[in-house]
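A.B. asks: can't give you the sequence, but here's the structure:
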């Protein structure tokens, strides 16, 4: 690849897209960045913060001269965005994304690419519970893993370019088949968010003698449920897009929770000790 990209188009200038743009600029990997978003407020903020050189709500015109297009929109909108820009992509353009669901997105976007253009599915394992351009930082991806999900249709040069850009952002790049990716992340990402939302919902709606139960929460509850402060629209879309894998994960979690319930119901101290000890070993193994 060339030392720099002449023109990068970023569709969605919030945390993920804005951070990618900032990282590319800091790495000196791009000469010009156009920010595209449906929100005028986000665009104006991104321009004021120096994330983009130019802003527009017109994605079709914005991608005409781009060598790379990064789509950072809610996963349910990714294919629709790709469909809108596909007729206007210049030959040789590489389109990639940052969504946490891959199989449907890869299948849908690849089918839309015009001759000479390639789609490379991507998922940076980074983020916070905050959103919007103000949350974007050039360091978001440093030391984090980014999974690229090529298929048989992915061009080698396009894959190499995507890997290079994520490397310049500071990410550790690895590769995974799209369906395999979705099954893994249903367990380690999508399920935990669903559980966190469900827990806060259950406690927040609990009727304990008229008390506001949440007013008594301390560090443990707040640490455990931090991710329930994430963007609800994003997690709504992820849940729908990765429906089958997430339902399987919820079923597995429900079975584990039911086992725990039975142990408590039976006052099975030995069983509870074993259950908690096994879980602790798994958790400690992560660290």
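C.D. replies: Structure's in. What do you need? Remember, predicted model here, so these are calculated numbers, not experimental data.
A.B. asks: where along the stretch 151-287 of the chain do the helices fall?
C.D. replies: Taking DSSP state H, counting those that start in this stretch, the helices of the stretch 151-287 of the chain run over residues 156-168, 178-185, 191-204, 219-224, 232-241, 243-265, 269-286.
A.B. asks: which parts of the fifth one are buried?
C.D. replies: Just to be clear, that refers to helix 232-241. Going by neighbour count (16 or more other CB atoms under 10 Å), the buried part of helix 232-241 is 234-235, 237-239, 241. Where you see a C-beta, it was placed from the backbone N, CA and C, and this is true even at glycine.
A.B. asks: who are the packing partners of it?
C.D. replies: helix 75-85, helix 191-204 (3 or more CB pairs under 8 Å, 6 or more residues apart in numbering; DSSP states H and E).
A.B. asks: now with 7 Å?
C.D. replies: If you count contacts as 3 or more CB pairs under 7 Å, 6 or more residues apart in numbering; DSSP states H and E, helix 232-241 packs onto helix 75-85.
A.B. asks: and the contacts of the helix it packs on?
C.D. replies: 11, 59-60, 63, 69, 71, 73, 95, 97, 99-101, 105, 108-109, 112, 237-238, 240-241 (CB atoms under 7 Å, 6 or more residues apart in numbering).
A.B. asks: buried subset of those?
C.D. replies: Buried, going by 16+ other CB under 10 Å: 11, 59, 63, 69, 71, 73, 95, 97, 99-101, 105, 109, 112, 237-238, 241, out of the contacts of helix 75-85.
A.B. asks: give the contact list for residue 204.
C.D. replies: So residue 204 contacts residue 214 (CB under 7 Å, 6+ apart).
A.B. asks: please parse this protein into its domains.
C.D. replies: Segmentation of the chain into domains, based on automatic domain parsing, reads 5-176, 180-286.
A.B. asks: quick one: mean pLDDT over the shortest one.
C.D. replies: To tie it back to what came earlier, the one meant is domain 180-286. Here domain 180-286 scores 95 as its mean pLDDT.
A.B. asks: same thing with the longest one?
C.D. replies: Mean pLDDT, computed over domain 5-176, is 95.
A.B. asks: work out the gap between that domain and the centre of the chain.
C.D. replies: 12 Å (CA atoms, centre = their mean, to the nearest Å).
A.B. asks: quick one: buried residues of the helix or strand where residue 23 lies?
C.D. replies: Following DSSP states H and E, the helix or strand that holds residue 23 is helix 15-26. The neighbour-count check on helix 15-26 (16+ other CB under 10 Å) flags 15-25 as buried.
A.B. asks: what's the neighbour count on residue 198?
C.D. replies: 14 (other CB atoms under 10 Å).
A.B. asks: how near is it to residue 76?
C.D. replies: 21 Å (CB to CB, to the nearest Å).
A.B. asks: over to residue 133?
C.D. replies: Look at residue 133 and residue 76: by CB to CB, they are 21 Å apart.
A.B. asks: neighbour count: those two, which is higher?
C.D. replies: Per other CB under 10 Å, whichever of residue 133 and residue 76 has more neighbours is residue 133, with 27 against 19.
A.B. asks: just checking, that one touches residue 47?
C.D. replies: No. Contact criterion CB atoms under 7 Å: residue 133 and residue 47 do not qualify, at 8.9 Å.
A.B. asks: can you get me a residue count around the nearest residue to residue 195 once chain neighbours are set aside?
C.D. replies: Leaving out its chain neighbours, the residue that sits closest to residue 195 by CB to CB, 6 or more residues apart in numbering is residue 253, at 6.6 Å. Counted with other CB under 10 Å, the neighbours of residue 253 add up to 16.
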